[in-house]
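Student: give me the fold of what follows.
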Amino acid sequence: TQQSHTISISGGNERTKALLSASYFREEGMLRNNVFNRASLRGNIEHRVTDWLKAGTISQLTYYNLNNRRSPLSAAMAISPLGDPYDENGNVILYPTGDPNRISPLADERTPDIAKDNVIALSVMANAFLEATPLKGLTFRSNVGFTLTGTRRGTFFDATSLARANFGTVLKPTGRHPGR
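Tutor: Residues are numbered from 1 along each chain as shown. Here you go, the predicted model:
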């Protein structure tokens, strides 16, 4: 499921224009605890200094929080469908066929803490411009800007999670975060 909300306000006069907007986006994936949240704030200001000179800024602040889940489909394709997925109390059976090399595709569903892969990022983007039109049809524009991004990724995979059960080791982080 997805949610998307945006609110904007803009205004100005013949010399100055301004815009401020805020947005929120949330997407829940097909797997439990697979959630993406993003919040953004944007501001633009443009001012006509003289009849031939215009200046302005464009800035944006974005925060996102992503909880990834490993897909259980490869485990589901590798296991016999003849095992019992749950015990008599409704708990997931880790090795439903009795084969210790074939983990249940439901292994990560036992508790929310079996497997975690969380990425949090904050990005700040700011640009400024100066635009001169000394003659009709001739425009010079100078832009300067920067983008700063900070990212933190935290992972934990229990020894009986899908990420580790068939390999016996923790997956190593790539240092990259998925862009959305």
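
Student: hang on, Ala78 packs against Asp99?
Tutor: No. At 10.1 Å, Ala78 does not count as touching Asp99 under the criterion of C-beta atoms under 8 Å. For every residue, glycine as well, the C-beta is placed using N, CA and C.

Student: and stretch 74-84, average pLDDT?
Tutor: Mean per-residue pLDDT for stretch 74-84: 87.

Student: meant to ask about stretch 92-110, not that
Tutor: So the average pLDDT for stretch 92-110 ends up being 88.

Student: start to end distance for it?
Tutor: Start-to-end span of stretch 92-110 (C-alpha to C-alpha, to the nearest Å) is 6 Å.

Student: contacts for that stretch, please.
Tutor: For stretch 92-110, the surrounding residues in contact (C-beta atoms under 8 Å, 6 or more residues apart in numbering) are 32, 69-70, 72-73, 75-76, 78-80, 82-87, 91, 114-115, 160-162, 165-166.

Student: switch to 10 Å and redo it
Tutor: Here stretch 92-110 makes contact (C-beta atoms under 10 Å, 6 or more residues apart in numbering) with 31-33, 69-87, 91, 111, 114-116, 157-158, 160-166.

Student: from those, which land in helices?
Tutor: 73-78, 162-165 (DSSP state H).

Student: any of the residues you listed buried? List them.
Tutor: 75, 162-165 (16 or more other C-beta atoms under 10 Å).

Student: report the contact partners of Ser59.
Tutor: Ser59 touches 41-45, 124-128, 145, counting by C-beta under 10 Å, 6+ apart.

Student: quick one, which of the residues you listed are buried?
Tutor: Buried among those by 16+ other C-beta under 10 Å: 42, 44-45.

Student: of the residues you listed, closest to Gly12?
Tutor: Distance to Gly12, by C-beta to C-beta, is smallest for Ile45 among the buried ones among the contacts of Ser59, at 8.9 Å.

Student: how about that closest one, secondary structure?
Tutor: At Ile45, secondary structure determined by DSSP: H, G, I helix; E, B strand; the rest coil is strand.

Student: per-residue pLDDT, it?
Tutor: pLDDT, Ile45: 98.

Student: and it, bridged to which residues?
Tutor: Ala18, Thr57 (DSSP bridges).

Student: that one touches Lys54, doesn't it?
Tutor: No. If you go by C-beta atoms under 10 Å, Ile45 and Lys54 don't touch, sitting 11.2 Å apart.

Student: which of the contacts of stretch 92-110 count as buried?
Tutor: 33, 69-70, 72, 75, 79, 114-116, 157-158, 160-165.
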